[in-house]
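J.: Give the three-dimensional model of this entry:
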Amino acid sequence: MVSYYQKNIDACSQLLQVQHRRSVRCSLLRGVTFLCALLSGYFALRNQAWACWLSVAFFTAAFILLLKYFDSISKKTSHIQALRKVYEQELAGIVHRQYPCADGVELRDPNHPYANDLDVFAAHSLFHLLNRCHTHSGYSYLAEQLQSSPGSAANVYLRQEAVRELASNGKDLLFNMFASLSGRKKQQASSGEDMLLWVQQPDIPLLSFPKALLLLTQVAPYLNLMLLAFAVYSPPFYIALLLFLAPQWAVQRRYSKRVQRAKSRLNAIINDAAAFDIYGDALSGVAFRSSWLQHIQQPIAGYNRLMRQLHKMLSVFDMSNSFMGALISSFYFGDLRVAVKLERWKKTNRDALPKLIEHVCEWELLTSVAVFAMNHPTFAFPKFFEEDSSTIVEAKALGHPLIAAEKRVCNDIVIRKNDFFIITGANMAGKSAFLRTVGVNLLLARIGAPVCAASFRCSPVELFTSMRTTDNLNAEVSYFYAEALRLKEMLNFIASGKHVLLMVDELFRGTNSDDRLKASLSLIRKLLCYKTASALIATHDFELATLEEEYPGAVKNYCFECFNHDDKILFDYRLRRGVSCSSNAYLLLQKMGIVE
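T.: Model (predicted):
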């Protein structure tokens with residue numbers, strides 16, 4: 001994809017040069033036609049010849065056409081610039097890991113069963129890597145899908161089919177759509193009000209308007225225009241116009257607080273309305289093969305006219321924020337008229353909008369996953385085991401998608417139900433990264449995305465992690481007690497009855513070695529009694545490896561090794577069967593100059 005993006009960046013740059021030359025030529029022609037129109041007008045007034053008047057009409061028409069042509073050149077130039085920027089951002093994401101959309105840092109929840117430990121949100125997180133959403137609703141939906149329980153395999157396969165089609169045949173559609181959306185700021189969950197909430201709650205109830213006022217808002221603008229026309233020819237009509245405008249301004253002032261409240265809420269959803277309009281345009285007339293894409297396309301394209309109406313009304317409302325806009329608006333009840341139209345639009349479409357938003361959310365998830373699939377063409381789409389399968393994960397060359405390809409080390413893994421892996425190894429050998437690798441790829445599989453593996457099969461399984469526990473001084477919770485609370489949550493989670501894959505990094509690290517070993521052995525024995533739990537447990541306590549003899553077939557020892565070569569510590573990040581007896585902490589501290 002690097003060559004694809006670079007090729008398109010170069011093509012856009014060449015097109016911009018062509019557009020610049022057209023713009024210059026058009027500007028010169030406009031200047032010439034304008035001068036010709038002035039000269040023709042001068043001779044027409046002087047000679048009163050019909051040929052001169054004809055030339056005036058010709059050059060004026062030519063000037064107007066050139067204005068329209070220049071406007072089309074400007075719009076096309078802006079679109080090409082936006083398209084080039086989209087390609088540059090995607091290229092930066094691949095080469096420099098600089099992703100173009102919001103990272104979801106505000107969505108981090110330390111109490112979630114796995115999201116905090118698996119780096120689902122924050123800079124350079126899984127969400128940051130995936131996110132290409134441009135609406136608040138879609139942004140929230142993608143986050144929700146990454147934090148939800150696994151759905152049915154049938155639904156995931158439908159998504160995979162849609163993603164494959166978009167990734168292979170929909171590049172131009174998606175990137176041109178992103179370019180059209182680029183004039184809008186990227187949405188964050190905390191920055192906007194959900195459109196669904198907005199449409200359900202009236203800002204200015206229509207019943208609060210007297211019928212006479214509603215009639216006045218329709219008739220008064222025409223009377224104002226008529227009085228203004230009379231005033232041009234007869235100045236005394238200016239007094240009549242002002243006298244007629246005064247009570248209108250008083251009425252508008254009376255309702256100004258309600259209108260301003262409506263405006264403040266509209267600022268939160270105007271970007272989403274623009275995105276809905278753009279999606280409707282982009283999807284109109286596109287022939288998809290995927291049944292899931294067809295299912296999503298129909299309502300989005302079908303409601304395009306309604307969303308365009310909404311976007312236009314919101315844009316008119318937004319224009320009155322300037323001084324001149326407010327002055328002009330006050331002349332024809334502009335804000336009040338639009339507010340009434342909006343309330344009527346909400347009342348008419350209140351039942352239809354939730355379904356439309358649902359489809360737009362799914363569309364944004366699919367576009368996010370499709371771009372991810374484009375940017376990682378070597379990743380494999382996962383397959384799913386039958387519900388009664390005894391295997392949870394079976395992967396070949398499994399790696400972490402957030403690690404650069406040139407640094408990524410992949411491993412094969414098979415995890416079956418009720419397997420407990422005790423993973424030993426020295427510091428920095430790759431134990432924690434491996435746990436996150438398994439977890440993150442399971443999340444990608446859930447949402448229909450390709451995973452970082454040569455092949456990947458899995459079963460629907462819940463996840464629960466205990467890897468990044470912290471103390472809380474304000475709550476008077478020590479590190480050890482925080483870890484104990486987390487493990488208590490884990491036991492409650494297992495008791496729900498669903499099969500759970502547990503990922504634990506260093507049990508009871510907040511206490512002394514004797515208590516840690518005793519508590520760790522006791523907890524693992526307790527977990528082994530549950531028939532709905534499997535576990536990956538990373539540890540420095542080699543003594544836990546003795547559980548393999550105590551529970552043959554259930555507990556399996558794996559390890560990551562480190563090697564000392566020419567006074568250097570080397571890691572190969574390869575998962576091996578057995579127990580690691582290597583250590584490197586003291587040597588690392590010596591190399592850092594911390595100890596002698």
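J.: On the pLDDT front, check Phe209 for me.
T.: What the model reports as pLDDT for Phe209 is 58.
J.: I meant to write Arg305 there.
T.: 74.
J.: Can you name the next helix or strand after the least confident helix or strand in the chain by mean pLDDT?
T.: Sorting the helices and strands of the chain by mean pLDDT, DSSP states H and E puts helix 323-331 at the bottom, at a mean of 60. Sequence order places helix 334-349 as the next helix or strand after helix 323-331, per DSSP states H and E.
J.: Buried ones in whichever helix or strand comes after that next one, by neighbour count?
T.: For helix 334-349, the succeeding helix or strand toward the C-terminus, using DSSP H and E, is helix 353-375. Within helix 353-375, the residues scored as buried using 16 or more other Cβ atoms under 10 Å are 353, 356-357, 359-375. (Each C-beta comes from the backbone N, C-alpha and C, glycine too.)
J.: would you list every one of the strands in the stretch 451-596 of the chain?
T.: 455-458, 462-466, 500-505, 533-539, 555-560, 562-565, 568-571, 576-577 (DSSP state E, counting those that start in this stretch).
J.: nearest to Ala102, of the ones you listed?
T.: Ala102 sits nearest to strand 462-466 of all the strands of the stretch 451-596 of the chain, at 23.8 Å, using Cβ to Cβ.
J.: what does the model give the residue nearest to Pro377 when sequence neighbours are not counted for pLDDT?
T.: Spatially, and ignoring its direct neighbours in sequence, Pro377 is nearest to Met1 (6.7 Å; Cβ to Cβ, 6 or more residues apart in numbering). You'll see Met1 listed with a pLDDT of 81.
J.: and Met1, how many neighbours?
T.: 15 (other Cβ atoms under 10 Å).
J.: How about Leu166?
T.: So Leu166, with other Cβ under 10 Å, has 23 neighbours.
J.: My guess is it contacts Leu174. True?
T.: Yes - the criterion here is Cβ atoms under 8 Å, and Leu166 meets it with Leu174 at 6.4 Å.
J.: Identify the contacts common to the two.
T.: 367, 370 (Cβ atoms under 8 Å, 6 or more residues apart in numbering).
J.: chain center to stretch 38-54, what's the gap?
T.: 60 Å (Cα atoms, centre = their mean, to the nearest Å).
J.: again, but for stretch 518-527
T.: 41 Å.
J.: average pLDDT for it?
T.: Across stretch 518-527, the per-residue pLDDT values average to 93.
J.: contact partners of that stretch?
T.: 420, 487, 491, 494, 502, 507-508, 511, 533, 535, 537, 539, 541, 543-544, 547, 555.
J.: and with 7 Å instead?
T.: If you take Cβ atoms under 7 Å, 6 or more residues apart in numbering as the criterion, stretch 518-527 is touched by 420, 487, 507-508, 533, 535, 537, 541, 544, 547.
J.: Now do the domain split for the chain, please.
T.: Annotated domains of the chain cover 2-96, 195-373, 383-591 [automatic domain parsing].
J.: Pick out the shakiest of those domains, pLDDT-wise.
T.: domain 195-373 (a mean of 74).
J.: From one end of that domain to the other, what's the distance?
T.: With Cα to Cα, to the nearest Å as the measure, domain 195-373 spans 29 Å from end to end.
J.: now the residue positioned nearest the centre of the chain: how far from Phe381?
T.: Among the residues of the chain, the one closest to the centroid is Cys133, at 2.9 Å (Cα atoms, centre = their mean). As for Cys133, its distance to Phe381 is 22 Å (criterion: Cβ to Cβ, to the nearest Å).
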